[in-house]
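> Dropping a prediction and its sequence here:
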Amino acid sequence: MKVSNLVGKTLREDPKDAKLVSHRFLLRGAYIRQVSTGIYSLLPIAKRIASKIERIIRQEMDRIDGQEILLPVVMPRELWEEAGRYQSIGQEMLRFKDRNDMDMLLGMTHEEPVVMLARSEINSYRQLPCMLYQIQTKFRDEARSRGGLIRVREFTMKDAYSFHTDTSDMEKYYNRVHEAYSKIFSRCGLEKFIDVESDTGMMGGGLSHEFMELSENGEDTLFICDKCDYRANKEVAGSIIEYIREEEKNLEKVATPEKKTIEEVSEFLGVKTSQTAKAVFYNHDEKGFIFILIRGDIDVNETKLLKILGPGELRPAHEDEIKEIGSVPGYASTIGLNSEKFILLVDQSVSDSSNLVCGANEEGFHFKNFNYHRDSAPGTVVDISTPREGDGCTQCDGKLQIKRGIEIGNIFQLGTKYSEPMNCNYLDRDGKTRPAIMGCYGIGVGRLLASVMEEKYDDYGPLWPVSIAPWHVQICSLDQKKEIVREVSERIYGELMARGIEVLWDDRNEKAGVQFADADLRGIPFRIIISPRNLKNGNVEWKKRGDSSSEMVGTDDIVDWTEKLVKEELKKYDLA
């Protein structure tokens with residue numbers, strides 16, 4: 001490819017709204033262009049990278065006996081009602097009516113159609129296990145699209161679905177996919193990725209793991225033990241919290257004028273925030289008003305809370321709703337309240353602690369020495385706390401550390417969540433009908449592309465690994481008005497392509513600074529610089545992207561030299 005024919009204009013300045021490294025360089029390097037919020041066009045350079053990522057994904061899926069299919073983007077309402085998800089999923093699912101006034105939707109995931117396909121084609125244990133995968137467009141109407149390709153509304157995803165006769169077989173295959181995912185991410189050039197235990201979310205099922213690219217720009221909070229291999233997403237992470245246990249003291253009402261927050265009350269009374277209990281209020285559209293008691297230094301984990309409450313929308317309660325149950329915002333507690341007006345959930349941090357400070361349900365007053373089992377209306381004791389840096393690990397005597405991560409893949413043990421309600425059954429060896437046991441496995445192609453850029457870049461642009469780089473080599477021809485420059489450039493360009501080396505040739509009559517700046521934004525691993533000065537000595541300049549040094553190679557040797565180095569690099573990624 002010649003740069004003069006390449007579609008996409010590079011930008012010299014960072015776009016104002018682009019905060020993430022990958023977002024800035026994707027726009028500046030002419031990889032993507034925004035069509036609408038969270039919806040992007042991929043320009044040729046990004047499409048080449050995405051295609052190479054997809055190639056690696058296909059290779060690894062095929063190696064674990066996957067069979068590629070293609071499912072529809074548009075589906076009827078009735079299909080999703082079979083599994084009970086049409087109503088349970090909120091506004092992130094885009095619903096519409098077709099010209100026949102039929103309720104339709106855009107697929108944000110494809111469990112329902114793949115189960116429909118499997119139940120029509122699989123009917124015997126002899127056909128199991130099997131895995132079907134696709135690389136397909138999805139649409140998820142995200143409320144907060146951000147970061148270019150990191151969080152979008154329309155995206156390309158590899159999703160795979162396995163079917164098994166029993167849980168043991170599914171678990172074995174789950175481990176095979178886990179290993180395949182590690183190979184995919186490594187072959188795409190990532191080094192800073194880990195897997196963490198995660199919440200199953202709307203997918204449902206049992207165990208799930210997310211693969212996370214460790215990044216300060218990640219939107220996921222991860223808890224990692226400093227001693228053992230415990231790793232979990234904030235949504236499911238557990239921890240060991242130190243509780244203050246002592247002999248119960250008499251409840252004492254104290255004045256706390258204009259002190260409403262935990263920090264204000266703690267400072268005023270001279271106690272630690274860990275010696276307080278705070279009230280947190282929610283409204284759940286299915287369960288109603290939710291009253292939570294949790295220690296003042298700990299936050300409510302809404303994912304854990306929703307698992308307890310079940311399907312439905314959750315929102316913070318309004319002040320008038322808090323007053324309706326007889327409580328006072330800023331001075332709330334359960335003391336003296338009629339618990340029939342709400343669901344009371346008490347975190348273990350309160351139930352297992354002694355002599356806490358809590359609200360008195362009276363403006364300007366708090367209680368000291370609150371003990372839940374003695375002083376409160378009865379509730380349900382649960383774990384709805386969010387771990388904190390330094391909390392104890394649940395698996396060993398280590399401490400939890402907080403890291404940030406970008407989710408680049410996920411795997412789920414679904415069990416019979418979809419196969420049972422949708423009658424995806426098979427006949428076992430004894431002729432009995434049983435529901436298939438399922439697993440599902442996803443990778444976002446665009447997000448993976450952006451995550452590689454988040455890890456591998458310098459001040460000037462991305463540093464693409466050769467496995468997914470848009471081209472292997474870039475030729476920069478300086479002062480092309482000189483016939484010798486043009487002739488040598490054309491020869492090297494043609495011979496490299498004839499040997500299967502992918503080359504981008506900057507054939508424009510631009511100054512060296514412009515060519516080098518654009519080459520940096522494209523991040524191509526190797527660069528050949530052809531100039532009149534070096535040609536006088538029979539040389540061209542060879543440079544690796546990101547290295548400050550370079551070396552001179554003879555014009556008669558450069559093609560062999562380049563082919564050797566490119567193939568050595570490709571071999572590292574199992575692509576030779």
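Received the coordinates, thanks.

> can I assume K543 sits in a strand?
Yes: assessed by DSSP: H, G, I helix; E, B strand; the rest coil, K543 belongs to a strand.

> what sits against the residue nearest to it when sequence neighbours are not counted?
Spatial nearest neighbour of K543, excluding adjacent residues (C-beta to C-beta, 6 or more residues apart in numbering): S550 at 4.0 Å. Using the backbone N, CA and C atoms, a C-beta is placed for each residue, glycine as well. S550 makes contact with I529, E541, W542, K543, according to C-beta atoms under 8 Å, 6 or more residues apart in numbering.

> Let me have those in JSON lines, adding neighbour count and distance to Q59 as columns.
Formatted as JSON lines, those follow (neighbours: other C-beta atoms under 10 Å; distance: C-beta to C-beta, whole Å):
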{"residue": "I529", "neighbour count": "20", "distance to Q59": "34"}
{"residue": "E541", "neighbour count": "18", "distance to Q59": "35"}
{"residue": "W542", "neighbour count": "19", "distance to Q59": "30"}
{"residue": "K543", "neighbour count": "18", "distance to Q59": "30"}
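
> hmm, which two among the residues you listed are most spread apart?
Using C-beta to C-beta, the two most remote members of the contacts of S550 are I529 and W542, lying 8.0 Å apart.

> ok, the contacts of S550 vs R24, which is closest?
Taking C-beta to C-beta as the measure, K543 is the one of the contacts of S550 closest to R24, at 23.5 Å.

> Where does pLDDT dip in this structure?
Counting by pLDDT under 70, the chain has low-confidence residues at 200-206.

> and the closest residue in space to R404 that isn't next to it in sequence, what does it touch?
Nearest residue to R404 in three dimensions, chain neighbours excluded: G218, at 3.9 Å (C-beta to C-beta, 6+ apart). Residues near G218 by C-beta under 8 Å, 6+ apart: M212, R404, G405, I406.

> Enumerate the beta-bridge partners assigned to the third one.
This points to G405. Under DSSP bridges, the beta-bridge partners of G405 are L214, D220.

> Name the nearest of the contacts of S550 relative to T156.
Of all these, K543 has the smallest distance to T156: 32.9 Å, by C-beta to C-beta.

> rewinding a little: what's the distance between the residue nearest to K543 and S274?
58 Å (C-beta to C-beta, to the nearest Å).

> swap in G439?
Going from G439 to S274 by C-beta to C-beta gives 41 Å.

> how deep is L128 tucked in, by neighbour count?
Using other C-beta atoms under 10 Å, L128 is surrounded by 18 other residues.

> you'd agree it is up against S162?
No: counting by C-beta atoms under 8 Å, L128 sits too far from S162 to count as a contact (9.2 Å).

> Need the three-state assignment for the nearest residue to L43 once chain neighbours are set aside.
The shortest distance from L43 to any non-neighbouring residue, by C-beta to C-beta, 6+ apart, is to G8 (4.3 Å). Of the three states, G8 takes coil under three-state DSSP.

> Which residues are in contact with G8?
G29, A30, Y31, L43, P44, I45.

> Highest neighbour count among the residues you listed?
Y31 (32 neighbours).

> Show the backbone phi and psi for that one.
Phi and psi for Y31, reported as degrees, to the nearest 10, are phi -90, psi -40.

> Out of the contacts of G8, which two sit at the greatest distance?
The farthest-apart pair in the contacts of G8, when distances are taken by C-beta to C-beta, is G29 and P44, at 11.5 Å.

> Let me know the distance separating the residue nearest to L43 from S354.
Relative to S354, G8 is positioned 65 Å away (C-beta to C-beta).

> Helices of the stretch 301-450 of the chain, start to end?
302-309, 319-324, 348-351, 372-375, 445-455 (DSSP state H, counting those that start in this stretch).

> what's the closest of those helices to S51?
That would be helix 445-455 among these, by C-beta to C-beta, at 9.2 Å.

> so what does the following helix or strand past that closest one touch, helix or strand wise?
Remark: after helix 445-455, the chain's next helix or strand is strand 457-458, criterion DSSP states H and E. Packing contacts for strand 457-458, counted by 3 or more C-beta pairs under 8 Å, 6 or more residues apart in numbering; DSSP states H and E, involve helix 21-28.

> Can you give the contact residues for the helix it packs on?
Taking C-beta under 8 Å, 6+ apart as the rule, helix 21-28 contacts 10-15, 18, 31-33, 46, 147-150, 217, 450-451, 453-454, 457, 461-462, 521.

> again, 7 Å this time
Applying C-beta atoms under 7 Å, 6 or more residues apart in numbering, the contact partners of helix 21-28 are 10-11, 14-15, 18, 32, 147-150, 450, 453-454, 457, 461-462, 521.

> Distance of the residue nearest to the spatial centre of the chain relative to I262?
Centroid-nearest residue in the chain, with C-alpha atoms, centre = their mean: E407, separated by 2.2 Å. According to C-beta to C-beta, E407 and I262 sit 32 Å apart.

> cool, G189 as well?
45 Å.

> neighbour-wise, which of those two wins?
Neighbour totals were compared for G189 and I262, and G189 leads with 20 against 16 (other C-beta under 10 Å).

> which SSE is the nearest residue to the more buried one once chain neighbours are set aside in?
Closest residue in space to G189, ignoring its immediate chain neighbours: P465 at 3.0 Å, by C-beta to C-beta, 6+ apart. P465 is part of no helix or strand, with elements assigned from DSSP H and E.

> so who does P465 touch?
If a contact means C-beta under 7 Å, 6+ apart, then P465 has G189, K456, Y573 as its contacts.

> three-state assignment of E267?
helix.

> how close does it sit to V357?
12 Å.

> Who has more neighbours out of these two?
Using other C-beta under 10 Å, the more surrounded residue of E267 and V357 is V357, with 26 against 12.

> my guess is the more buried one meets T273, correct?
No: using C-beta atoms under 7 Å, V357 is not in contact with T273; the gap is 9.5 Å.

> correct me, but E154 touches F139?
Yes: using C-beta under 7 Å, E154 is in contact with F139, at 5.1 Å.

> List the contacts of V280.
V280 neighbours (C-beta under 7 Å, 6+ apart): I292, I294, V300.

> Repeat that for P15.
R24, L27.

> Report whether it is found in a strand, as I expect.
No: the assignment for P15 by three-state DSSP gives coil, which leaves it out of any strand.

> Please work out how many residues are found near E551.
11.

> Would you mind measuring from it to H318?
Distance of E551 to H318, given as C-beta to C-beta: 69 Å.

> circling back to that earlier point, possible to save the contacts of G218 as a markdown table with distance to E483 and neighbour count?
Listed next are the contacts of G218 as a markdown table, based on distance: C-beta to C-beta, whole Å; neighbours: other C-beta atoms under 10 Å:
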| residue | distance to E483 | neighbour count |
| --- | --- | --- |
| M212 | 54 | 27 |
| R404 | 54 | 15 |
| G405 | 54 | 26 |
| I406 | 49 | 26 |
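
> which one of those residues sits closest to E502?
Among the contacts of G218, and counting by C-beta to C-beta, the member closest to E502 is I406, at 27.6 Å.

> quick one: contacts for the closest one?
I150, M212, E213, S215, G218, S451, E454.

> Report the two of those residues separated the most.
Taking C-beta to C-beta as the measure, the contacts of I406 span a maximum distance of 12.7 Å, between I150 and M212.

> three-state assignment of E78?
What three-state DSSP gives for E78 is helix.

> Give me the distance between it and P113.
12 Å.

> who's more crowded, the two?
P113 (20 against 11).

> residue contacts, the more buried one?
L71, P72, M75, L79.

> Is it located within a helix, as I assumed?
Yes: assessed with three-state DSSP, P113 lies in a helix.

> Against I69, how distant is it?
Distance from P113 to I69, by C-beta to C-beta: 10 Å.
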